[in-house]
Every structure is written in structure tokens, then in C-alpha cells.
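Q: would you be able to build a 3D model of this:
(chains A and B)
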Amino acid sequence: MSTIRVYNTLSKTKEEFQPVVPGKVGIYLCGPTVYAESHMGHMVGPVIFDTVKRYLSFNGYDVNFVVNITDVDDKLIKKSVERGISMEEVAKENIADYLHNLSHLGVDQISEMPKATEHMGNIIAFIESLVEKGFAYESEGDVYFEVGKDNEYGKLTNRSVESSQGEGGQMSARKRATNDFALWKIAKEGEPSWKSPWSEGRPGWHIECSAMSKAILGETFDIHGGGLDLTFPHHENEIAQSECCHGSPMAKYWMHNGLLRADNTAGKLGGKSDRENESETAEEAASGKMSRSKGAGGLAELIERQGGENIRFFLLRTHYRSTILFSEPAIEEAATGLETFHRLFERYERITGESFFDIVPNALRTDGDIDAGDDELLVAVKKHRDAYLEKMDDDFNTGGGVSELFELVRVVNKSIDANKLEENKDADLTALKQAIATIRELSAILGIFTNAPESAAGQDSQLVDQLMQLVIDIRANARANKDFATSDLIRDRLGELSITLEDRKGETGWRIE
RNA sequence: GGCGCCGUGGCCAAGUGGCUAAGGCAGCGGAUUGCAAAUCCGCCAUCGUGAGUUCGAAUCUCACCGGCGCCUCCA
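A: Purely as a prediction, here's the structure:
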């Protein structure tokens, strides 16, 4: 098994990946608080860790990938009051939206999505244990974690107990110190609540992750992920709760993805800076409606417009720890590059009669080893496959991997040209097939090209096919008669309809841009 | 104020001590084509600035300039 290296926020270095239990990996990713529609920023973590899981699975690990849903929280309550519907209704709607968006971005590796409201027993038991051990105290129905009792507090984000201010100086009289944080909050009149030893109330924000990760992945699991903005206070507090409770590390590796920034605007998507814009309400800013007011539309519409695969590729083109400047022109640019792949896949199908999308990707790294011999194409394919894997081994460098994928396309096209595979019907296609299978294998790790694209002609595709054949036949006739004025007119007019013709040996192909 | 990140060709973006600084988009030249499209070949950067460490730095150190994040809910 090759060595995978992971950047650990805890140590601020890349470390060799060694799971707690050999062969098995537990990943916990902080998911959304579902008080509003998801925005682009909510998709980054899932896409990245979905890819991480794919790669670890490819390397032979059995991966359990958990993404939690926070479905009880102040903002959900506020929203339910505003809309006059229950908190569950609010959550249900936004979970549906979230799942819809994830599936369109090809995120299908999540093993389990626990909800806070479904783990109330575990949450309460966790808090009880912290109170018993003296790390938490009850105060007028609330329960707080006492930060001063944890002498390791601050180790993730490198800050001292003194410097962690807590709730912006607005210290509740119920707390002993400003940086103590709530594990349990007593309910006000009419708020949703659960019975507990302290009060009818609800959990604080951080505790659900400690309780649920323990319940599903155990006291110490392998990878804890989330956006960079969650390091403090959320992850710092999770560590405090879990490690004080268990006396052992919560997670071996803490991985944080970089944040998205909306292009030409201050601040990140849905973030503080946007909310400071007075032309938008706070809820709009936080929900992704923010971007709608800037003319970009909601996330579901954005995905519809740009294509989930294009967006996924756009995100994976850059290293996961980098900040990404997000804009539609940038996605479109990435999508242009992706077309090169689709053209090769079509070319492959014309030559072999087989669809790229019917190839079953290798499940394991060892399955795809190439015995290149002295085959020029396979030697090149092997070289770029090795380079791809080497880059992915190094902290999941998907951007570097993408470049090798482009190289593979180049060497395959070159080989097809050189060996005239499109003209020569008796050519040996063994190497070509293996090369394409390698592209299938490596792109599947990134979760792209998983399904054949829908026909650009949509539902009328059969009729369009027939009409196009008609036009192409007429044009072929004109060309045969050297009537290039007519043939060029046809091509130009089709061009105006965004249809491009490609004259190949003996036939003419077309596609809709 | 505290903690931290970033600055690579026109744009996006890998690389973080040593072969000719990946790849994509755009552009230019060539092969191919009736002309195109597609494909292939070639061209296009010395790595924010300055100093230092080193046989050797885009990669390490320091200073400066510029951009950004967290410290309050946030993927």
C-alpha cells in the first residue's frame, strides 16, 4: 500500500496517513445548519471529502464517511417563527435542497447523515459525562463547558484560554467565564425542547458533533473535516468536549478546506462582509439568496445553468486548501477544458463502437497497474498515471492530478492520429482501450465523467438527428460538386445556431455548443 | 491588538531546496483541411520587492509592499 500524506491542521504539517484501525477509515465532516437554502460554499467540503473517500477507497481502505446535519439551532427557531411553520418543516425543506444539490455535484459517497434531533439521547449523555467529570457546570437550566478546566484548550488554533474571548464580550450572567460555551440551553416559552436532567431545552452548537461522531465513529476516529472557518470556535470546542470526556484524541487528522470567495465582492460567500451590505437582509446574505440579489440566482439554478459536473471539476481543479474565487465565467472556463475530454470520448466511441461511460472503473489502485512493454502509448499512459497517483498521494493534490489527465488526453489523441485509428478499421485497439480505461479509472476518483452527458438536443434528439443528417447530406452533395459557397453557407448558418460541423474522413460530425 | 494564510506567464493554477518552472483558458506560428472545426507540433513566466542563508532557492530566514481569513453565527 502506498503512502498517502495528509496535511493536519493540528500539527500544521503533512503527516503520513495511518488509520487508527488498519484498513479502516472514519471521516466526520461538519455539514450544514439547515435554516436556509444551501449556497455554493456548502458544497466545497462535501465535494472534497467525497473525493478523499474515493481516493482512500481506491487505495484499499474501507471508509465510513459521516456528514452531520444541524437541525436544531437558534436560526432554525427564528426561521420557523417568521414563517409560521415548525422547525422540522424548515429543516426538512432545506435538507431536501441540500441533498438535491449534492447529488447534482456527484457527491454520492456519504455513508451516513446523522441529525442532531435524532441523537438527543447521546447528546444528553455526553453532557452528563462532562458534568460528572467536572468539565461542565449547570447554571439556571443551562449547562456550560468550563474552558478554564481544559489545559489543552486552544491547541488546534494556537490560542491561549485568555485570548479566546467567547461570545463577543456579551457575557451571560449564567456563565463563569466569557469563553465558557453552552452545551445545553434552557428553552424559552414556545421553543422546541427536549427533556434533560437540567431543563427542557436544546443542545448548544458544538456538542452534537462530539456526541454523534462518538456514537458512529468512536472516541478516536481518523479524519475530521470542515471549512477553514470552523476551526474556531467550533472545532476547538469539539476537541475540548471530546478529549476532556474521553481522555483520548478526538481525531487523528484535522483537514480543513479553503473557503470560497465571491468574485468582485468583499468577503466570502454568505459571510459577514456580505451581511454588512445594507441592501440585503441577513437571512438573504446567509442563505444564498444573497447571490440571487447580485444576479447569480440560487444554487439549484446555478447548477442547472452551469452543470454539476462542470462545477465539481471547477472546484477540484484547485487544491482543497486554497481559497477559490468563485464566479460563473470561471466555471465556464473550466468547462471549456472539459469539452476536450468529451470530444475524445466521442472519438473513442467512433473507433471502437464502445462507450467510455460503459467502462467500469478499476475499484483498486493495484487493478490498474500497466504493463507497458515497449508500446509507446502505454509507456506514456503509465508515466502519467504514476504521476497522477503521486500527486494524489501528496495531500490529495487534485489540481496536479487534473493536469495529468489532460496529458493523458493528449497522448491518446496523438496516438490515434499517428496510427490513423479512425481510418484503419483493422488496427489493433488493445493499447487504446487500456489508455481510455486508465482515463476512466483516474477521472472516477475525482467523481467526474461518471455518467454520459445528456444529449444537447434534449428530448427532440431523434428528430434533430434526422434533420441534421438531412442538412449534412445536402451539404455533402454541394461539396462533392465543389459548390463551396453553398456548403460554407450551411456551415455558417448552423454556426449561428451554435452548431459546429466537423468534416472528418468520409463523414461529417456535428455538435451543439 | 492576537493567531494564521496567500502573492508563479494576459487570466486560472501545480510545484515549496537541485533534471529544460506541470496543466488549463486565451493568443500567435505550423501540420492537417477546398476553407473551417477537431486533433497534433511549436512559441509565450525566473516565480510581489529588497537583503540574507546555501555549492545551489519560486521553494529556507528577515524586512517591506499588496491581498485575505479567523478571533462573533458561518462549509
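
Q: which SS state does A:S2 fall under?
A: Put simply, A:S2 is coil when judged by DSSP: H, G, I helix; E, B strand; the rest coil.

Q: so it sits right up against A:D393, yeah?
A: Yes - shown here, A:S2 and A:D393 form a contact pair, counting by Cβ atoms under 8 Å, at 5.9 Å. Yep, even glycine has a C-beta here, placed from its N, CA and C like the rest.

Q: more crowded one of the two?
A: A:D393 (18 against 11; other Cβ atoms under 10 Å).

Q: excluding its backbone neighbours, what's nearest that one?
A: A:I4 (5.1 Å; Cβ to Cβ, 6 or more residues apart in numbering).

Q: what's the answer for A:Y61, then?
A: Once flanking residues are discounted, A:Y61 sits nearest to A:V25: 4.7 Å by Cβ to Cβ, 6+ apart.

Q: for the one you found, give me the backbone phi and psi.
A: Here is the backbone geometry of A:V25 (degrees, to the nearest 10): phi -130, psi 130.

Q: quick one: it from RNA strand B, how far?
A: Distance of A:V25 to RNA strand B, computed by Cβ to the nearest atom of the strand, to the nearest Å: 19 Å.

Q: swap in A:W254?
A: 12 Å.

Q: report the contact partners of that residue.
A: Contact analysis of A:W254 by Cβ atoms under 8 Å, 6 or more residues apart in numbering lists A:N8, A:T9, A:L10, A:L156, A:I223, A:H224, A:G225, A:H235.

Q: and these, which are buried?
A: Among the contacts of A:W254, those classed as buried by 16 or more other Cβ atoms under 10 Å are A:N8, A:T9, A:L10, A:L156, A:I223, A:H224, A:G225, A:H235.

Q: could you identify the most distant pair in those residues?
A: A:L156 and A:I223 (14.2 Å; Cβ to Cβ).

Q: where are the low-confidence patches of the stretch 101-250 of chain A?
A: A:162-171 (pLDDT under 70).

Q: residue ranges for the helices of it, please.
A: Taking DSSP state H, counting those that start in this stretch as the criterion, the stretch 101-250 of chain A carries its helices at A:120-132, A:207-217, A:236-246.

Q: need these in a markdown table with mean neighbour count, can you?
A: Below are the helices of the stretch 101-250 of chain A laid out as a markdown table (neighbours: other Cβ atoms under 10 Å):
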| stretch | mean neighbour count |
| --- | --- |
| helix A:120-132 | 19 |
| helix A:207-217 | 24 |
| helix A:236-246 | 24 |
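
Q: quick check: domain ranges of chain A?
A: A:5-316, A:358-446, A:458-512 (automatic domain parsing).

Q: tell me which other helices or strands the longest helix seen in chain A touches.
A: Longest helix in chain A, counting residues (DSSP state H): helix A:328-352. Packing contacts for helix A:328-352, counted by 3 or more Cβ pairs under 8 Å, 6 or more residues apart in numbering; DSSP states H and E, involve helix A:299-306, helix A:308-316, helix A:398-418, helix A:430-446.

Q: tally of neighbours for A:S111?
A: That count, for A:S111 with other Cβ under 10 Å as the rule, works out to 14.

Q: from what I can see A:H319 touches A:M392, true?
A: No - with contacts counted by Cβ under 8 Å, A:H319 stays clear of A:M392, the gap being 11.4 Å.

Q: kindly format the C-alpha coordinates of the helix or strand harbouring A:M468 as CSV.
A: Element membership for A:M468, per DSSP states H and E: helix A:461-480. Extracted in CSV, the C-alpha atoms of helix A:461-480 (Å, rounded to 0.1, in the frame of the first residue of the first chain):
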residue,chain,number,x,y,z
SER,A,461,-32.9,14.4,-30.1
GLN,A,462,-34.1,11.8,-32.6
LEU,A,463,-35.8,14.4,-34.8
VAL,A,464,-32.8,16.7,-34.5
ASP,A,465,-30.5,13.8,-35.5
GLN,A,466,-32.6,13.2,-38.6
LEU,A,467,-32.8,16.9,-39.6
MET,A,468,-29.1,17.3,-39.1
GLN,A,469,-28.4,14.2,-41.3
LEU,A,470,-30.6,15.8,-43.9
VAL,A,471,-28.7,19.1,-43.8
ILE,A,472,-25.3,17.3,-43.8
ASP,A,473,-26.3,15.2,-46.8
ILE,A,474,-27.3,18.3,-48.8
ARG,A,475,-24.0,19.9,-47.8
ALA,A,476,-22.0,16.8,-48.8
ASN,A,477,-23.6,17.0,-52.1
ALA,A,478,-22.6,20.6,-52.6
ARG,A,479,-19.1,19.8,-51.5
ALA,A,480,-18.9,16.9,-54.0
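
Q: buried residues, it. List them.
A: A:V464, A:M468, A:V471, A:I472, A:R475, A:A476, A:A478, A:R479.

Q: just these now: which is nearest RNA strand B?
A: A:R479 (5.1 Å; Cβ to the nearest atom of the strand).

Q: where in chain A is pLDDT low?
A: For chain A, counting by pLDDT under 70, the residues that fall below are A:1, A:162-171, A:264-297, A:456-459.

Q: where do the strands sit along it?
A: With strands called from DSSP state E, chain A shows them at A:5-8, A:13-16, A:24-29, A:62-67, A:136-139, A:142-145, A:181-186, A:201-203, A:221-227, A:251-257, A:260-262, A:324-326, A:499-504, A:507-512.
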